[in-house]
Each structure stands twice: as structure tokens, then as C-alpha cells.
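**Student:** I would like to see how this sequence folds:
(one chain, ligands or ions: 2)
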Amino acid sequence: MDPSDQKHFTAVDYVIFAALLAASVGIGLYHALSGGRQRTTQEFLMADRSMSCLPVSLSLIASFQSAVAIIGVPAEIYTHGTQYWFIGCAYFLGLLIPAHVFIPVLYKLRLSSVYEYLELRFSKAVRICGTLAFIFQTVIYMGICVYTPAFALNAVTGFELWAAVLATGLVCTLYTTMGGLKAVIWTDVFQTVVMFAGQLAVIVVGVHQTGGVSEVWRKVQEGNRLAALDLNPDPTERHTFWTLGVGGVFLMLSLYGVNQAQVQRYLSARTEKEAVRSCYMAFPSLQLSLALGCVMGLVMFARYCGEDLADKLPTSSRDAMVLYFVMDMLQGLPGLPGLFVACLFSAALSTISSAFNSLATVTMEDLVKPHFPAMTEARATLLSKVLAMCYGLLCLAMAYLTHLMDDSVLQVALKIFGMVGGPVLGLFCLGMFFPWANSTGALAGLGAGLALSFWVGIGSLLTRSAGTRPLPPGCRAALLSDNTTSAIHTAALGNFTLSRPSGLNRFYSLSYMWYSAFNCFTVILTGLIISFLTGPMKEEDVTPGTIYPLFGKLLCFLPEHLKEKLCCLTPLGQPRPPQHKEGNGLALPQEDGTSQEETDTFLPEVQTALVEHETTV
Ligand SMILES: O=C(O)CCCC[C@@H]1SC[C@@H]2NC(=O)N[C@@H]21
Ligand code: NA
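**Tutor:** Numbers count the residues shown, from 1 in each chain. Ligands and ions are numbered 1, 2, ... in the order given. A predicted model of the protein is given here:
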């Protein structure tokens, strides 16, 4: 890249970027010195369960909208067209099911770690496996999130790579360690606003500099970037309505239904209704952030017509190109490049802080506290803070590994969610919807799910399965300028049919958008088969409140007596006929027989069961 193309920041830009970091630290400091001053784990990890739905809903967006999406979505649209936008269809069920299936079950159990559910429903071993899977997935994902903004910045502006990574990591560790979940949620709110502002600025300036909306629309149409509804049922087709709209639902459920970072936000809400409302309020913000990313990609296409700017960039990665486009648009408008960089780092910080905090929570609740029940509050809180710091340093190391991957960062992130989040989602579905499932089945299911998902995931990396090659560059204006160019493009389009993979290669070329669904079903199927082979659980052996009567709801048209016969169809929260269970089984009668619906508070018998269970362990 010749020096004339190097984009530079003005002093104003650095001031805006520094102001963002300072504001985040300020919010963290405020929550460290106000309220209960983060002296208990209930406050540090659960925000005293006092949050209202607005900050929770914005924090839900921020947790999984990082620089990966800010850079990755425009790069995706630029390269492959707007097919990816259909993932927005997955947001309906992707948020409705968490709101009406997962939250009602998880909220009433008043957990701190979502993996406590796995012990209540199955066994301690299943809980530990779920926790370890989550830690593995989140540490890798954090690495990508820290590395992405720093790498993109460095590629375009020469901004010192490791200075940016360290700045991000340290600032984030600082305010997360000081202010706990309250600080993380309120910085998420602030950072989400900065994120939207930065993307909007680029779009407005970009459209203006590319000749206005009609000009952008014309070029985008000619470059055939506007994807039609692709109903191709082929599961190896990378992006179709089915892989994005249906496969995407399972991706959303693994994140917004059972991921610790999101569940912790639901559980930090004042009441269950506030938690459900925050899910509904997340919907428009999610659609807005998806739209901003896609429109930014279209404007970028109208500007460069699909060229890869190889002569201007040291790397052919489309991700870096997005930053080049932004600096190209905002150059000469002092403060705006700084705003966009602030937007990029806001996206990264809000995701990384959520990851730190949720990692510290599950490590404390699932791995430490069960072995040190007598630990004092002060020591537990101190240990939580030390953990947040250790995870911060660990993710800087993961950032280094990330730059070894040459795939688009969005693709890598979504693959990780599918490979690990999918099996964990399957574990929770097995537990909530199938009362017969036992812990042997759950462990076998999780093992099968992870084994298969890594086989497919690594297989697809090794075979570099063709997948969908990028659409050819070019807007008609460029084409018409030179007949030979159009001849070359026609030729390129001509042999554009993909070589149909066969046999095992077909298995490896399964679209990464199907990983979540595929792995989820593998876990459920294997889990049920093993459970029936090793003696299915009886309804009365299952801990009260850990089952969601899915079939009861689906078959609500059946007469009551038939439902009773099918055992698991007692609707959620109906008083169970009193029965006594000897031994250390978790099943205990509900003394007062109140329906769970009425009690938004902790189920007393589950509390005693858990304590009893732990003392006998
Ligand atoms: O942006 C990231 O850090 C991760 C990539 C996006 C994760 C998924 S994609 C569907 C859903 N919508 C979002 O905004 N994030 C999640
Ligand atoms: Na974020």
C-alpha cells in the first residue's frame, strides 16, 4: 500500500476515541463507588436482580453485536450480496422462544449460572460439561472480538496493532472488574448508542459521496447484489432462506436462549415480566443493527463495485476493506473517523465485558463455590474480580491466535457458535422438553454432538469446501467502459456453476448456518436413545420446575385424560400430586401446591433440594 493511500487520524479523532474509553471507565467507576459498592456477588454478578427492561434489552444487543458484525456484515454484503439479510427472519422465533420457553423456566429457578439448571435437571457432571463448553466457546469468541478492531485499524491506518488490543483489553478488564454486571449493562447501553451513531454517519456520508440514494440503488442493482428469496433446499448451499431463516433460529436460540451472557441479563431483571419485555424490546434494535450493517455493505459496493482494491490494501481480506471504505468516506471530516473507531471499539468492549463477566460468574458458581461452600462473601467477590482479570489476559492471548485464521471474522464467529453453542442448546432442549432424558443420556448426547460438530467443522476447514464463491465484481458502468471487461465477466459468470461435492465432502460442505440446528438435534436424538437404553427417568423423579411441557402446549387440543396418559404433558406450574421421594433424589413435593406461575420467587423445595444435594455430594 503506497503511503499516499495510508489514512491518518487527526487529533480530534484521537480525542473522540479516548473520550469513549474514558466514558466507559467512568461508568464502571461510578458503579464501583455507588449502590452496594459491589461488595456481594449478588450485586457484582447479578446487579442485585434490580434491572429494568430498557437497559437489559440494549445490553442484550450489545453482547452479541461486536466489531465482528460491524465489519463482517458489510464485508459479507459487499462480497456475496444481501442474502445474509434474511437472517432477520430468524429474529422472530429467535426471540419469541427465549421469551416464552426458556425465560419462564430459568427465571423461576432464580439461578446465577444457567448451568445450575443442568445439575437440577440431570447431574453435577452434566453441569460441569456445560460450563466447560461455554468457557471454551466464549474464550475463543473473545479472542476474535478483541483482535478484529485492532487488526482492521492496523491494516488501514497503521494504528499500532498491539497497542489497540492492549487498550481494549485493559480498559475493559478495568471497568468490568470494578463495576460488575451493573457497569457492564450501563456501558453496553452507552456503547450501543455509539455503535448506531458511527454506522449511521458512515452510511450518510457514503451515500452522499457516491452520488445519492438513486445512484447507489442503480449501481447495487447492476452489480446484482440485491439477493432474491433463495428457496434452494440444498443444505450445502452457504446462504439461502432456509440456512439463514431456519438454521439462524437455532443460532439465535443458542445465544439468546441458553447462553450465560444473555441469561444472566434476563435473571438480572426485576421481574420475569421485565425479562420477557426486554426480549421483545431487543427485536427492533437487532433488526436496526442488521439493517445498518447491510446498508453499509451496499453503499460500499456502490462505491467500489466489488473490486478488491488489492493495489490499495496490504491484505485481500474484505474485512480490512470495510475500514478502508470508512476512512475513505470520512477522511477530511475531522472527528468522524474518530467516531467510527469509537463505534468499532464500543462494539468490541460491550461484547468482551459481557463475556468477562459471564465467564467470572460461571467459574464462581459452577466450578468454585460448589467446592468451597463456606467461602465468605468478601473472598468470593474478590475471587470473582481476580477471575475477570485473568480472563481478560487470556483473551489477549486468544487474540493472537485469531489472526492465524484467514476466513472472514463473521464466518469464524458464527462457526464457533454453531459448533459449541449448538450442542449446548441441544442439552437444554433435551432437559426441558423430554422428561425421560437422564444424565447418562445427556452426557452421551453432548459428547456425540461435540464430536460430530468438530468433525464437520474441522473437515470443512481442511477441505476448504468450495462453498459459495464471491459474486464477480463490477457495476455495469465499469463493464460498459470496456467490451473485453464485459466479455471476461460474462466468461467468469459462465463457468460460475459450483462443482457438486459428493460423499464425505458433501458432509463437510454443510452450510455453517446449519451447524447449530444439526448439532442440537444430534444431542437430542443421541440423548433420548441412550436414556431409553439406560432406563428413562420417571416424571416424578424430575426436579419440579425444570420441565417445559412442550408437547402439552403443542397438543393442547388433546383431551386432558389423554394428556395425563402421555405423562409429561402436565402444563407448566400445575400443582403436582404430593408424593415423597426418599434418598437424595431432587424430587420433593411442593408443600403449598401453589402453581409456579404465581411465585416469581425461588422454588423453596428446589432450594432445599440443591442444598441437600450438595451436602450429600
Ligand atoms: O457480532 C458478533 O460479535 C458476532 C456475530 C453476530 C452473532 C449473531 S448473528 C445473529 C445475531 N444478531 C446479532 O446481532 N448477533 C447475533
Ligand atoms: Na458488542
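**Student:** L510: what secondary structure?
**Tutor:** Look at L510: counting by DSSP: H, G, I helix; E, B strand; the rest coil, its state is coil.
**Student:** hang on, I meant W436
**Tutor:** Applying three-state DSSP: W436 is coil.
**Student:** nearest spatial neighbour of it, skipping sequence neighbours?
**Tutor:** Among residues not flanking W436 along the chain, P536 sits closest, at 3.5 Å (C-beta to C-beta, 6 or more residues apart in numbering). Heads up, the C-betas are built off the backbone N, CA and C, glycines and all.
**Student:** Then V299?
**Tutor:** In space, and not counting its chain neighbours, V299 is closest to G206: 4.0 Å by C-beta to C-beta, 6+ apart.
**Student:** That neighbour contacts M300, correct?
**Tutor:** Yes. G206 is within contact range of M300, at 7.0 Å (criterion: C-beta atoms under 8 Å).
**Student:** overlap in contacts of those two?
**Tutor:** Both G206 and M300 are in contact with F325, where contact means C-beta atoms under 8 Å, 6 or more residues apart in numbering.
**Student:** neighbour-wise, which of the two wins?
**Tutor:** Taking neighbours as other C-beta atoms under 10 Å, G206 and M300 compare with M300 leading, 28 against 22.
**Student:** Can you name the residues that contact that one?
**Tutor:** By C-beta under 8 Å, 6+ apart, M300 lies in contact with 74, 77-78, 206, 321-322, 325.
**Student:** For the stretch 301-450 of the chain, give me the ranges with low pLDDT.
**Tutor:** Residues of the stretch 301-450 of the chain meeting the criterion pLDDT under 70: 306, 314-316, 402-407.
**Student:** let's go with 90 and repeat that
**Tutor:** For the stretch 301-450 of the chain, the stretches flagged by pLDDT under 90 are 303-339, 341-346, 348-350, 352-358, 360-361, 364-365, 369-370, 372-413, 415-416.
**Student:** how about the residues of it that lie near ligand 2?
**Tutor:** Within reach of ligand 2 by C-beta under 5 Å from the ion, the stretch 301-450 of the chain has these residues: 347, 350-351.
**Student:** Which single helix of this structure contains the most residues?
**Tutor:** The single longest helix within the chain, with elements called by DSSP state H, is helix 161-209.
**Student:** how about the residues of the chain near ligand 1?
**Tutor:** 64-66, 68-69, 87, 145, 255, 286, 289, 351, 410, 413 (C-beta under 6 Å from any ligand atom).
**Student:** again, 5 Å this time
**Tutor:** The chain comes close to ligand 1 at residues 64-66, 68-69, 413, as judged by C-beta under 5 Å from any ligand atom.
**Student:** Quick check: the farthest pair among those?
**Tutor:** Pairwise distances across these (C-beta to C-beta) peak at 11.1 Å, for the pair Q65 and A413.
**Student:** Neighbour-wise, which one of the residues of the stretch 301-450 of the chain next to ligand 2 leads?
**Tutor:** The most crowded member of those, judged by other C-beta under 10 Å, is S350 (31 neighbours).
**Student:** Correct me if wrong: it contacts S66.
**Tutor:** Yes. With contact defined as C-beta under 8 Å, S350 counts as touching S66 (7.3 Å).
**Student:** from the stretch 401-550 of the chain, which residue is nearest to ligand 1?
**Tutor:** In the stretch 401-550 of the chain, no residue comes nearer to ligand 1 than A413, which is 4.4 Å away by C-beta to the nearest ligand atom.
**Student:** residues making contact with stretch 436-448?
**Tutor:** Residues outside stretch 436-448 that contact it (C-beta under 8 Å, 6+ apart): 118, 122-123, 125-126, 129-130, 133, 423-424, 426-427, 430-431, 522-532, 534-537, 568.
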